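Student: Show me how the following folds:
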Amino acid sequence: MTQYEPMISAALRQLNIYRDHDSFRQAGRVALWQAWTRYEEGRGHFVLFASISIRGVMLDIIKKEVRFEENVMQTEEDVLEFLNDVESPETIQWSDRLSQAFKVLNDAEREFIQWYFVEGLSQAERHAPNGKL
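Tutor: As a prediction, the model looks like this:
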């Protein structure tokens, strides 16, 4: 299988992958092995089949990363936008938006917010007698 390593390197270059080379190379090797197990004689050249399989796996990884980054960035922007709406850090006021969000939480989640964010306790302090370590 080492004879196909240049094929994996070519896929990295074609897709302009310049980071996490080891992860993508490993995914390419797994794709190569899967292509070898699925290949049927007489249905075309193995090299082409393997190349398409390797490229497809790498594209799938890139798509998953892009989707993840879009969701994380969107969430961070929403949180920052919400924090900008809070009037001042000295006087924490429960805005309508925060009150609505708080209603969605269950009792355990509300309790967590109370002791962690409002009271400033760690989990260890929370479970210690009198809330002190």
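Student: Tell me where the model's unsure across the protein.
Tutor: Within the chain, the stretches with pLDDT under 70 are 1, 71-97, 123, 127-133.
Student: now the helices for it?
Tutor: With DSSP state H as the criterion, the chain has helices at 5-14, 21-38, 46-85, 96-104, 107-113, 123-127.
Student: What residue in the chain is the furthest from its centre?
Tutor: Relative to the C-alpha centroid of the chain, counting by CA atoms, centre = their mean, Gly42 is the outermost residue, at 40.4 Å.
Student: can you give me phi and psi for it?
Tutor: phi 80, psi 0 (degrees, to the nearest 10).
Student: coming back round to it: would JSON lines of the helices of the chain with mean neighbour count be doable?
Tutor: From N, CA and C alone the C-beta is placed, and that goes for glycine too. Below are the helices of the chain laid out as JSON lines (neighbours: other CB atoms under 10 Å):
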{"stretch": "helix 5-14", "mean neighbour count": "15"}
{"stretch": "helix 21-38", "mean neighbour count": "15"}
{"stretch": "helix 46-85", "mean neighbour count": "13"}
{"stretch": "helix 96-104", "mean neighbour count": "10"}
{"stretch": "helix 107-113", "mean neighbour count": "11"}
{"stretch": "helix 123-127", "mean neighbour count": "12"}
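Student: check contacts around Val57.
Tutor: Residues in contact with Val57 (CB atoms under 8 Å, 6 or more residues apart in numbering) are 27-28, 30-31.
Student: distance of the residue farthest from the centre of the chain from Phe49?
Tutor: Distance of Gly42 to Phe49, given as CB to CB, to the nearest Å: 12 Å.
Student: And for Ala35?
Tutor: 6 Å.
Student: what's the answer for Ser23, then?
Tutor: Applying CB to CB to Ser23 and Phe49 gives a distance of 23 Å.
Student: Return the member of the contacts of Val57 nearest to Glu70.
Tutor: Ala27 (21.0 Å; CB to CB).
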